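K.L.:
when you get a sec, could you give me coordinates for this:
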Amino acid sequence: MTHSIEANPYLYALGAERALLALFLRHPETVDEASAVGLCDDLLYLPAHRALWRACQDDRRRGCGPDLATIYERWERESAQWWPDDFSSLTALLDILEATATRRDLLHDYVALLTAARTRRGLLAMATTVREAEDRGEPTSSLLATAQVALVDAARVRVAGEVPTAAHYIERAFSEAMAVARGERQERRLRTGWQAVDAVLRISPHDYLVVAGRPSMGKTHFALSLLGALARTHGPTLMVSVEMGEDSMAERLASSEGPLVGDQGAIQSAWMEAIDRWDCVPMRIDTWAKTLQQVVSSIRVAKQRYGIVAAAVDYLQLMRLPKAESREQAVALASRELCLLAKELGIVVLALSQLNRGCESRDDKRPLLSDLRESGSIEQDADSVLMLYREAAYNPATPRPEECEIIVRKQRNGQQRTALLAFRPGHGWFEDLNGGPVRDLGRRIMGERE
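P.N.:
From the prediction side, this is the model:
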């Protein structure tokens, strides 16, 4: 099957290619930024565009340009070594780029368009390869293996070549930090809205977080509170409840807002106030997905349809999992799948997990990583592991019944510390001990940003 380049902008994003090259010649520092976010030769379709991209990179390494002068100088020095055509084609391309409208703030979008176009071309090539194998009469197992290999290749962004150095990654991180400090880019870190938690925990897009605790510690409420806060401050979120159905979830949410029994006037008042607080909060809840495949599909669809920034699964061990040699291996498989999903979609994924009874036999009942139930690779996969502990669950007479410890037992990019939040089951949401509710804090943050 043949395709016209002009008629297939989804397959050949030539406009984005030209916009990027024009941007490089006008703002040389954007070459480094584009490289940092994944631009490589393989994403550019036309050989001339790839040659100019390599020339821009080389100019940056030499500390001069790129600009029109350095490109023309390169032609004079080594035309046969770097340019795939004659001089007139080079001047024609540079004239086009001079007239091309481009925007620096759309650099990431340009790269995303090129990535999507390359993936589409790879998928079509995969379909052709499988069809040819089918025509040759190859067995189904061979067709499946061919398709799997081709799909991995279609999703690949970087190609074999020069591996970035440590200095490259360090420069990338500091460059992004400087852009945030100058106000040119929003901070990638997601803030929960809880001052105590934000002080000890760093959450970034594509992080995989495990939230664990014994029964009655408030894991589900913690996840709902957190997703609500993120939805108010960063964008849409999704809760996938494997444990509860629609009726149970509705009662759980509503009971935290006010009375569901008793005086009709009090119920009506709580109802109106709750709707006012939640009506514009883009948090969605799926109580249908129960298998691992359904959960993953639900999150993928929510990312595509609503643009979610975070998703939570309540809870890991309750999902119906694929068959494995042991229960521990099955849970490990599910954990790994959710971890990879977070990286692929660029969203935060929270997996709620039960703990075994090991902490019940200790004098200090605060949970440890070794208490993770059917842990397998859960600890290894997670970027952060949060464990919830409420003294009131063991000692109702405690002088601080509302206090809940959020114990950060693992954090790849931070320390193991503890945050204190206020929570009483059936009496509202998680909130800062010395501050207002999460919903109010979230609105203050949004107001500051506006």
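K.L.:
contacting residues around Trp82?
P.N.:
51, 54-55, 74 (C-beta atoms under 8 Å, 6 or more residues apart in numbering). Glycine gets a C-beta too; all of them are placed from N, C-alpha and C.
K.L.:
redo that, cut-off 10 Å
P.N.:
51-52, 54-55, 58, 71, 74-75 (C-beta atoms under 10 Å, 6 or more residues apart in numbering).
K.L.:
over to Thr398?
P.N.:
So Thr398 contacts 390-392 (C-beta under 10 Å, 6+ apart).
K.L.:
so of those residues, which ones are in strands?
P.N.:
Of the contacts of Thr398, none are assigned to strands by DSSP state E.
K.L.:
and which of the contacts of Trp82 is nearest Leu93?
P.N.:
Using C-beta to C-beta, Leu52 comes nearest to Leu93 of those, at 7.0 Å.
K.L.:
how close does that closest one sit to Ile71?
P.N.:
7 Å (C-beta to C-beta, to the nearest Å).
K.L.:
quick one: common contacting residues for those two?
P.N.:
Joint contacts of Leu52 and Ile71 (C-beta under 10 Å, 6+ apart) are 25, 82-83, 90, 93-94, 97.
K.L.:
buried ones in stretch 30-38?
P.N.:
30-31, 33-36 (16 or more other C-beta atoms under 10 Å).
K.L.:
over to stretch 415-426?
P.N.:
By 16+ other C-beta under 10 Å, the buried positions in stretch 415-426 come out as 419-423.
K.L.:
take the residues you listed and keep only those in strands.
P.N.:
Reading strands off the buried residues of stretch 415-426 with DSSP E, I get 419-422.
K.L.:
mind pulling the model confidence for the closest residue to Ala196 other than its chain neighbours?
P.N.:
Closest residue in space to Ala196, ignoring its immediate chain neighbours: Ala419 at 4.0 Å, by C-beta to C-beta, 6 or more residues apart in numbering. Note on Ala419: pLDDT of 88.
K.L.:
hang on, Ala419 packs against Val197?
P.N.:
Yes. Look at Ala419 against Val197 with C-beta atoms under 10 Å: they come within range, at 4.6 Å.
K.L.:
shared neighbours, those two?
P.N.:
Common contacts of Ala419 and Val197 (C-beta under 10 Å, 6+ apart): 386, 406, 408, 432.
K.L.:
so which of the residues you listed wins on neighbours?
P.N.:
Comparing the shared contacts of Ala419 and Val197 by number of neighbours (other C-beta atoms under 10 Å), Leu386 comes first, having 26 neighbours.
K.L.:
distance check, that residue against Cys359.
P.N.:
Distance of Leu386 to Cys359, given as C-beta to C-beta: 15 Å.
K.L.:
Ala179 too?
P.N.:
44 Å.
K.L.:
bridging residues for the nearest residue in space to Leu388 that is not next to it in sequence?
P.N.:
Leaving aside its chain neighbours, Leu388 sits nearest to Gly213 (3.7 Å; criterion: C-beta to C-beta, 6+ apart). Per DSSP bridges, the residues bridged to Gly213 are Gln354.
K.L.:
show me what contacts Gly213?
P.N.:
Shown in contact with Gly213 (C-beta under 10 Å, 6+ apart): 219-220, 222, 315, 352-355, 359, 367, 371, 386-390, 393, 404, 406-407.
K.L.:
which of the helices or strands spans Ala289?
P.N.:
Counting by DSSP states H and E, no helix or strand carries Ala289.
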